[in-house]
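Q: sequence-free structure coming up:
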């Protein structure tokens, strides 16, 4: 059982702990499997995200800021509407297969039927909406082309959800890597042939269609598609609960860029994108941990395994906090060096945006909303996501009007803080988790972060970028080892790795 070994560490006498853990490892290696699945997926996604990041850098350097801004505006607009193609289908499919594997074919059929219906409605809404915006003809054409690419990507996600539901993460990782490599290849080809952003858009759309068709043949040939009205009715309510949360979450990832392009122009949308891409690229860490945990813990009941859920909450909250505060420090202190190195001095207006967004990393790396899903509280999660979306819309409109792209960055921080406050309060108030230990850890890591920054400002900021980065990283890591890491952490890590 998931994390059973960890729970035993807390509730059995030390004298018998070693013997029981050894027996558990032999009879059930799920905790080790979860750890290595998580690690493997993170490594794979770092590679994939790195490839897409390279694509963004290549395009930013290849195009002028004005042309890159138009391309970014079109991609952001198409992505915003593509969020309506997946109102919880992927999450509901994983949940349904995990809880009712005997009816897997019916659940897959229900997911594909809903996906196709939503694709048609979403693309139609996208096309109609273009009559009411003041974009130029090139941007409108780009939006329609990139809308096709986004539709292909949405089908890819729902087909890979079938693979992930059966915990075959290697296959999904291989295809994701192939997906990213293919787009990098066609991007480089277009640049070498001196093509324009229409060539980039068409090549991505065609490649997406080819790859998704191949994936569908490989995955669905082993699935006998059967439509069951009864299973479809069971699928829909959970889909909408998952869906509203997913819809609102994806919407406020792209709403800012679209609004900036409308209020300030596509040039500023490009500046904002080159800072925001660092923020977006980090979603893979909480998303991938969710991919691994959901197929396991959705089979469990918090009423029967409360200690297991509590340990999961504390373990991943500590992990998130250590990583997120470090990333926050790096992005804030070295924003100028990062933007200049990757994009060049012509994109320096993105520097203050990246510095502001750095403070949004800790609230982004939060397990509260995932815990609501794991304890089957999708309805509450959807409500909190809806409120957070309203916060995002209102604060973005107001702050962009007064502060332009800096205001959009502040709105993102306010959005994620409000989301985590609501979900965390709900979990604690209803006694699903205890926050006391995590609160102490958060204060310690905040203290470590402040000390690290003080070292930088008073001692380190006189060297070159690489030396400063290494010194900041060393101080942060050393303080974490001294103040945060304890013997239990080391013992748990050894047991996960199967070592004495």
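A: That came through, no problem. Bear in mind that the values here come from a model prediction, so they are computed numbers and not experimental data.
Q: next one: whichever strand or helix holds residue 481 to chain centre, how far?
A: Applying DSSP states H and E as the criterion places residue 481 in helix 465-483. When C-alpha coordinates are averaged (Cα atoms, centre = their mean, to the nearest Å), helix 465-483 and its chain have centres 26 Å apart.
Q: residues of it that come out buried?
A: For helix 465-483, burial by neighbour count (16 or more other Cβ atoms under 10 Å) applies to 468, 469, 471, 472, 475, 476, 479, 480. C-beta: built from backbone N, CA, C; applies to glycine.
Q: Could you give the separation of the lengthiest helix in the chain from the chain centroid?
A: When the chain is scanned for its longest helix (criterion: DSSP state H), the result is helix 229-263. Offset of helix 229-263 from its chain centre (Cα atoms, centre = their mean): 14 Å.
Q: Now the element after that helix, going C-ward?
A: Scanning onward from helix 229-263 (DSSP H and E), the first element met is helix 266-281.
Q: my guess is residue 380 meets residue 373, correct?
A: No: Residue 380 sits out of contact with residue 373 when judged by Cβ atoms under 8 Å, with a separation of 9.8 Å.
Q: what are the ranges of the helices in the stretch 351-500 of the chain?
A: 351-358, 361-364, 368-374, 378-403, 405-429, 436-455, 465-483, 487-496 (DSSP state H, counting those that start in this stretch).
Q: OK, contacts around residue 84?
A: By Cβ atoms under 8 Å, 6 or more residues apart in numbering, residue 84 lies in contact with 118, 121, 122, 125, 247.
Q: ok, 7 Å please
A: Residue 84 makes contact with 118, 122, 125, 247 under the criterion Cβ atoms under 7 Å, 6 or more residues apart in numbering.
Q: Determine which two of these are furthest apart.
A: Across these, no pair lies farther apart than 125 and 247, at 13.0 Å, counting by Cβ to Cβ.
Q: Between those two, which has more neighbouring residues?
A: residue 247 (20 against 11; other Cβ atoms under 10 Å).
Q: what sits against that one?
A: Contacts for residue 247 (Cβ under 7 Å, 6+ apart) come out as 83, 84, 87.
Q: okay, and for the stretch 101-250 of the chain, where does confidence drop off?
A: For the stretch 101-250 of the chain, the stretches flagged by pLDDT under 70 are 166-170, 238-246.
Q: ok, 90 please
A: Scanning the stretch 101-250 of the chain for pLDDT under 90 picks out the ranges 101-119, 122, 132-134, 150-180, 212, 214-250.
Q: all helices of it, in order?
A: Taking DSSP H, counting those that start in this stretch, the helices of the stretch 101-250 of the chain run over residues 104-129, 137-165, 169-192, 197-220, 229-263.
Q: Adding distance to residue 347, write those helices out as JSON lines.
A: Formatted as JSON lines, these follow (distance: least, Cβ to Cβ, whole Å):
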{"stretch": "helix 104-129", "distance to residue 347": "28"}
{"stretch": "helix 137-165", "distance to residue 347": "20"}
{"stretch": "helix 169-192", "distance to residue 347": "18"}
{"stretch": "helix 197-220", "distance to residue 347": "17"}
{"stretch": "helix 229-263", "distance to residue 347": "15"}
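Q: Regarding the residue nearest to residue 465 when sequence neighbours are not counted, what is its secondary structure?
A: In space, and not counting its chain neighbours, residue 465 is closest to residue 337: 4.5 Å by Cβ to Cβ, 6 or more residues apart in numbering. Under DSSP: H, G, I helix; E, B strand; the rest coil, residue 337 falls in the helix class.
Q: For burial, what's the neighbour tally of residue 337?
A: Counted with other Cβ under 10 Å, residue 337 comes out at 15.
Q: Quick check: it vs residue 452, distance?
A: 17 Å (Cβ to Cβ, to the nearest Å).
Q: quick one, which of the helices of the stretch 101-250 of the chain is nearest to residue 369?
A: So among those, helix 229-263 is nearest, using Cβ to Cβ, at 7.6 Å.
Q: That's all I had, so thanks and see you.
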